[in-house]
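J.: Any chance you could fold what I've pasted below:
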Amino acid sequence: MKKILVVGAGGQIGTELVPHLQKNYGHDNVIAADLRPEIVEKLSKTAVAVPLDALDTEAYAETIKKYEVDSIFNLAALLSATGEKNPQLAWKINMGALLNSLNLAKEYGCALFTPSSIGAFGENTPHNKTPQDTVMRPNTIYGVCKVSGELLSDYYHTRFGVDTRSVRFPGIISNGAMPGGGTTDYAVEVFYHAVKTGKYTCEVPEDTYMDMLYMPDALEATTQLMEADPDKLIHRNSFNITSMSFTPKQLFAKIKERIPEFEADYKIDPVKARISASWPDCLDDSCARREWGWNPKWGIDEMVDDMIRACREKLARGEY
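T.: Down below sits the predicted model:
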């Protein structure tokens, strides 16, 4: 990778992916693009930042040409819970951004990374050690978009030779930015509440298992896959990856071990309950381990310690 364009750079993943890529490939070789002017202004303080609507094909193409981009990270998307509030908008944004990215990657010879998700699975998918290749019948528009995206990306690779690659992200836990409407958001929000108020109300049932990944491992997965030998990649779009699986009750118990005064209760959101129940309890990520050496470094205890430390530091600085 020489010149990298991160589309949707102001989201939860992009906020931390941009500096990760800068560290690996050089500050001026990473272009951070986002639709929102206030986010572009913020990004411009630490990165080469440009305003870009991923649905504007002409502007997208001009950005690729201007910066001589050869690798695209397409992160533009509405997440699961938000998407259910406006399915048509979710389809328009998620699939529109992907189609533009695929067509422009084809035209300009770019490699393309577009994250998929555990949301691509559904109620009929085996929930324990979910296989790499299995039934995929999601019951959310977000999941429908992700399955469609995996198929389209594979099609553009086999039909047009586009170097498309992807991972199925589980819930991503991060202290860099607050999440934006996902079903696994509780696993981020709880730390901020635990440190600041000692209380948290969870919208996901206490016994719901979902796979999770700490952001440092998520960032490493993106670059590791994009640098992998293409001759060894069988699946491309998209690989199961994970590093931990737990329920809200289990996570809250870990937090309480470290913050004894912490208390949690539940006010279940029926949409999030339905979505989370349809997702896998734990994924089989052996294909990623075998084909490109995936090997996560963070487990639940290390993650909890680091999240509490980071949230306390942000609170001391008055950042929330």
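J.: number of nearby residues for the nearest residue to G109 once chain neighbours are set aside?
T.: Nearest residue to G109, sequence neighbours excluded (CB to CB, 6 or more residues apart in numbering): D70, at 7.0 Å. C-betas here are computed from N, CA, C, even on glycine. Counted with other CB atoms under 10 Å, residues neighbouring D70 total 18.
J.: residues in contact with D70?
T.: Residues near D70 by CB atoms under 8 Å, 6 or more residues apart in numbering: 1-4, 109-111.
J.: Ok, E150 next?
T.: E150 neighbours (CB under 8 Å, 6+ apart): 116, 120, 166, 237-238.
J.: Go through these and say which is closest to S245.
T.: For the contacts of E150, the minimum distance to S245 (CB to CB) is 16.9 Å, reached by A120.
J.: tell me the pLDDT at the closest one?
T.: As predicted, A120 sits at a pLDDT of 95.
J.: What strand or helix carries the residue lying closest to it once chain neighbours are set aside?
T.: Nearest residue to A120 in three dimensions, chain neighbours excluded: K146, at 4.0 Å (CB to CB, 6+ apart). Here K146 sits within helix 141-160, counting by DSSP states H and E.
J.: Could you measure from the residue nearest to G109 over to H157?
T.: 16 Å (CB to CB, to the nearest Å).
J.: before we move on, back to that, just the contacts of D70: which are in helices?
T.: Of the positions in the contacts of D70, not one sits in helices, assigned by DSSP state H.
J.: Now a PyMOL select for only the buried ones of the residues you listed.
T.: Applying 16 or more other CB atoms under 10 Å to those, the buried members can be selected in PyMOL as follows:
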select buried, resi 1+3+4+110+111
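J.: re the thing from before, of the contacts of E150 - the most surrounded one?
T.: S238 (26 neighbours).
J.: Would you mind measuring from that residue to N100?
T.: 19 Å.
J.: cool, and L55?
T.: 7 Å.
J.: got it, and L78?
T.: 16 Å.
J.: related to what we said a few turns ago, restrict the helix holding K146 to CA atoms and write it as CSV.
T.: Output of helix 141-160 as CSV, limited to C-alpha atoms (Å, rounded to 0.1, in the frame of the first residue of the first chain):
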residue,chain,number,x,y,z
ILE,A,141,-31.2,-4.5,6.9
TYR,A,142,-27.6,-4.1,8.2
GLY,A,143,-27.1,-7.8,7.9
VAL,A,144,-28.7,-8.0,4.4
CYS,A,145,-26.3,-5.2,3.3
LYS,A,146,-23.3,-7.1,4.7
VAL,A,147,-24.2,-10.4,3.0
SER,A,148,-24.8,-8.6,-0.2
GLY,A,149,-21.5,-6.8,0.2
GLU,A,150,-19.6,-10.0,0.7
LEU,A,151,-21.1,-11.5,-2.4
LEU,A,152,-20.6,-8.3,-4.5
SER,A,153,-17.0,-8.0,-3.4
ASP,A,154,-16.3,-11.7,-4.3
TYR,A,155,-18.0,-11.1,-7.6
TYR,A,156,-15.8,-8.1,-8.4
HIS,A,157,-12.7,-10.1,-7.5
THR,A,158,-13.6,-13.2,-9.6
ARG,A,159,-15.2,-11.2,-12.5
PHE,A,160,-13.0,-8.1,-12.7
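J.: That helix: which residues count as buried?
T.: Quick answer for helix 141-160 (16+ other CB under 10 Å): 141-150, 152-154, 156-157.
J.: do stretch 88-108 as well
T.: By 16+ other CB under 10 Å, the buried positions in stretch 88-108 come out as 90-91, 93-106.
J.: ok, which stretches of this structure are helices?
T.: Using DSSP H, helices in the chain cover 12-25, 37-43, 57-66, 80-85, 87-108, 141-160, 186-196, 215-227, 248-258, 270-278, 286-292, 300-316.
J.: Include distance to H127 and mean pLDDT when you put the ones you listed into CSV, please.
T.: Formatted as CSV, these follow (distance: least, CB to CB, whole Å; pLDDT from 0 to 100):
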stretch, distance to H127, mean pLDDT
helix 12-25, 25, 95
helix 37-43, 36, 95
helix 57-66, 38, 98
helix 80-85, 17, 84
helix 87-108, 24, 97
helix 141-160, 15, 97
helix 186-196, 18, 96
helix 215-227, 22, 97
helix 248-258, 17, 98
helix 270-278, 9, 91
helix 286-292, 17, 97
helix 300-316, 19, 96
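J.: and those as JSON lines, adding distance to P205?
T.: Below are those laid out as JSON lines (distance: least, CB to CB, whole Å):
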{"stretch": "helix 12-25", "distance to P205": "23"}
{"stretch": "helix 37-43", "distance to P205": "33"}
{"stretch": "helix 57-66", "distance to P205": "41"}
{"stretch": "helix 80-85", "distance to P205": "15"}
{"stretch": "helix 87-108", "distance to P205": "24"}
{"stretch": "helix 141-160", "distance to P205": "19"}
{"stretch": "helix 186-196", "distance to P205": "11"}
{"stretch": "helix 215-227", "distance to P205": "25"}
{"stretch": "helix 248-258", "distance to P205": "7"}
{"stretch": "helix 270-278", "distance to P205": "6"}
{"stretch": "helix 286-292", "distance to P205": "29"}
{"stretch": "helix 300-316", "distance to P205": "19"}
